[in-house]
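Peer 1: Prediction below, plus the sequence it came from.
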Amino acid sequence: MYLRPYKKDDAKTILSWCEDEEVFRKWTSDRYDSYPITETEMNHKYLDCNGDCTEADNFYPFTACDEDGIVGHFILRYLNGDHKTLRIGFVIVDSKKRGCGYGKRMIQLAIDYSFLIAGADKVTIGVFDNNKQAYNCYKAAGFRDVQQEKKAVCEMFGKKWSISELYISREDHAS
């Protein structure tokens, strides 16, 4: 598996993995007003709007590929304006390849990139508590739970979805 920058033609494949709105919301949370979205809407947010990041040059979408084509997708963005903490988001894996290790490998490559190329000291990720498969994937990739007094909550489908925060430090990655 390897990573490459996201291309606008990737949107069609990535959106095809969202079989229903629940999968879509686990991927995008509340970052889009409607479901489904079009390739044009995805590309507008990604390529024209800097992923809605207020800081310039702070939205880095990646596509994961293997010898057969696209297998996953995620974005990176800096937190706190100091370029030392990167946030992984919008993580999704081909629905036909989930549960086969692709997500873990993709996240490990994202972590490697964050520390070795981007120079981050810490990488964070959030996951809905109702997405145990993703949570287990992130833990297997090396992330640790952040001790939270109060979890963030997002309302989806009239229910409250709580969010667990995870992190990995440069020191954790080196060991």
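Peer 2: Received, thanks.
Peer 1: From residue 73, how far out is residue 5?
Peer 2: According to CB to CB, to the nearest Å, residue 5 and residue 73 sit 11 Å apart. C-beta here means a position set from N, CA and C on the backbone, and glycine is covered the same way.
Peer 1: What residues of the helix or strand of the chain with the lowest mean pLDDT count as buried?
Peer 2: Using mean pLDDT, DSSP states H and E, helix 170-174 stands out as the lowest-scoring helix or strand of the chain, at a mean of 89. Residues of helix 170-174 classed as buried by neighbour count (16 or more other CB atoms under 10 Å): 170, 173.
Peer 1: do the same with stretch 145-156
Peer 2: Neighbour-count burial for stretch 145-156, counted by 16+ other CB under 10 Å, picks out residue 156.
Peer 1: Alpha carbons only: can I get it in PDB?
Peer 2: Coordinates of each C-alpha in stretch 145-156 appear next as PDB, following Å, rounded to 0.1, in the frame of the first residue of the first chain:
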ATOM      1  CA  ASP A 145      -7.000   7.000  24.600                       C
ATOM      2  CA  VAL A 146      -7.000  10.600  25.800                       C
ATOM      3  CA  GLN A 147      -8.400  10.800  29.300                       C
ATOM      4  CA  GLN A 148     -11.500  12.900  28.900                       C
ATOM      5  CA  GLU A 149     -13.600  14.500  31.600                       C
ATOM      6  CA  LYS A 150     -16.400  15.100  29.200                       C
ATOM      7  CA  LYS A 151     -16.700  13.600  25.800                       C
ATOM      8  CA  ALA A 152     -17.700  15.600  22.800                       C
ATOM      9  CA  VAL A 153     -21.100  14.800  21.400                       C
ATOM     10  CA  CYS A 154     -22.600  15.100  18.000                       C
ATOM     11  CA  GLU A 155     -26.300  14.700  17.300                       C
ATOM     12  CA  MET A 156     -27.000  12.200  14.500                       C
END
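Peer 1: shared neighbours, residue 5 and residue 73?
Peer 2: 61, 62, 63 (CB atoms under 8 Å, 6 or more residues apart in numbering).
Peer 1: follow-up on the earlier one: would you put the C-alpha positions of the least confident helix or strand of the chain in CSV?
Peer 2: The C-alpha trace of helix 170-174 is given here as CSV (Å, rounded to 0.1, in the frame of the first residue of the first chain):
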residue,chain,number,x,y,z
ARG,A,170,6.5,11.0,18.4
GLU,A,171,8.0,9.0,21.4
ASP,A,172,5.3,6.4,21.2
HIS,A,173,5.9,6.0,17.5
ALA,A,174,9.7,5.6,17.9
